[in-house]
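Peer 1: pasted the sequence and its predicted model underneath.
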Amino acid sequence: MGEVIVITSGKGGVGKTTTTANIGAGLSLEGKSIVVVDADIGLRNLDVVMGLENRIVYDLVDVVEGVCRLRQALIKDKRYNNLYLLPAAQTKDKNAVSPQQMQELTVELAKEFDYVIVDCPAGIEQGFKNAIAGASKAIVVTTPEVSAVRDADRIIGLLEANGLKNPQLIINRLRVDMVKRGDMMNIDDMIDILAIELIGVVPDDEHIVVSTNRGEPAVSNNESIAGQAYRNIVKRILGEDVPFMDLETDQGFITKLAKMFGFVKKR
Amino acid sequence: MDLFKMFSKSDNSKDIAKERLKLVLVHDRANVSPQFLEMIKGEILRVISDYMEIDEAGLEIKLTRTKRDVDDTSVPALVANIPIRKMKDNGKF
């Protein structure tokens, strides 16, 4: 029986979908079988982020309504071993599925895959309730902004109220240069406020934009620091004790130097 | 300006962000009005004042989250920080 993990945040645009795609691909690179589920019905995006948008025939709502079999709706990512996508419906809305149906669906998927990763929509309404319905574990994504941290705090409360104890935190898009000059909350600040276990810190990285443009998860890119961060997160999900990247010294310095040179060049 | 200084210990914008967040989360977490906390504060003051003299300006009462000892799940906690000036005579036995 596989594990069902929901990736959630409350606020939109903090990187849930990118996180889902990279954790899914990263787990595949570690030899696991994975299905990533887009629970954002009506606003599907996991397909484009993963570069699988042209291969969709059936979707999650078709499965729930019995239009097709579960297996028919799963899209295999040919670049990875045992990585599948269950896309959201684009023309329906969130009420097309009930939490009960989502729970049954994830049970079916967990029979066949090591990991079922559910990409939760933004918000705290029906879509959120659907996405968490079958999950046994939750990962909360936030960025170092007051709005995102506030929503993360609210989501943590709702997860715990719904029996998802001990959610874990990913801090996304951390800008080391801004943290250093005191213009961005640091890791400790956010752990202090949210009081949950940290499972990863993903630095702000242009490679993410490029990889999303191409539809190729950054976790496969050895040159991407965000990719490295995702590889570490995947190892932690698998139970390995991976130290957190030293962002404050080496990388920060190099990034800073690179930026300085970039600046000089422009002039 | 004074009010602004009260909330931020430094000029770093991240400290301002953190302080603002902490304040707003008190109310988000409890889903209660600021008046509610003020009421609790008043009651606590009234009871404790019978036994000790406290620094009312330094009194801090907030809702936060803490790890429960038994199973490490995080639970809401009411934390009161009450600076004592001195004990009153009727508090000593």
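Peer 2: Structure received. In this text the structure is predicted, and so the values were computed from the model without any measurement. Residues are numbered from 1 along each chain as shown, chains lettered A, B, ... in the order given.

Peer 1: list the contacts of whatever residue of the stretch 151-267 of chain A ends up closest to chain B.
Peer 2: Closest residue of the stretch 151-267 of chain A to chain B, CB to the nearest CB: A:G182 (3.3 Å). Just so you know, the C-beta spots here come from the backbone N, C-alpha and C atoms, and that holds for glycine as well. A:G182 makes contact with B:S10, B:N12, B:S13, B:K14, B:D15 under the criterion CB atoms under 8 Å, 6 or more residues apart in numbering or on different chains.

Peer 1: the residues you listed also near chain A: which ones?
Peer 2: B:S10, B:N12, B:S13, B:K14, B:D15 (CB under 8 Å from any CB of the partner chain).

Peer 1: out of the residues you listed, which is most surrounded?
Peer 2: When neighbours are taken as other CB atoms under 10 Å in any protein chain shown, the top entry among the ones next to chain A among the contacts of A:G182 is B:K14 (18 neighbours).

Peer 1: check which helix or strand covers that residue.
Peer 2: helix B:13-30 (DSSP states H and E).

Peer 1: just checking, what packs against that helix?
Peer 2: Contacts defined by 3 or more CB pairs under 8 Å, 6 or more residues apart in numbering or on different chains; DSSP states H and E place helix B:13-30 against helix A:146-161, helix A:187-194, helix B:2-7, helix B:34-49, strand B:60-67.

Peer 1: now do it against strand B:60-67: the angle between them, please.
Peer 2: Put simply, helix B:13-30 runs at 80 degrees to strand B:60-67, going by axes from the mean of the first three to the mean of the last three CA atoms, to 10 degrees.

Peer 1: tell me where the stretch 101-250 of chain A has strands.
Peer 2: Taking DSSP state E, counting those that start in this stretch, the strands of the stretch 101-250 of chain A run over residues A:115-119, A:137-142, A:168-174, A:197-203.

Peer 1: would you mind giving the ones you listed as JSON lines with distance to chain B added?
Peer 2: Converted to JSON lines, these look like this (distance: least, CB to the nearest CB, whole Å):
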{"stretch": "strand A:115-119", "distance to chain B": "22"}
{"stretch": "strand A:137-142", "distance to chain B": "11"}
{"stretch": "strand A:168-174", "distance to chain B": "12"}
{"stretch": "strand A:197-203", "distance to chain B": "9"}
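
Peer 1: let's have those in TSV, adding mean neighbour count.
Peer 2: Formatted as TSV, those follow (neighbours: other CB atoms under 10 Å in any protein chain shown):
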stretch	mean neighbour count
strand A:115-119	27
strand A:137-142	25
strand A:168-174	23
strand A:197-203	21
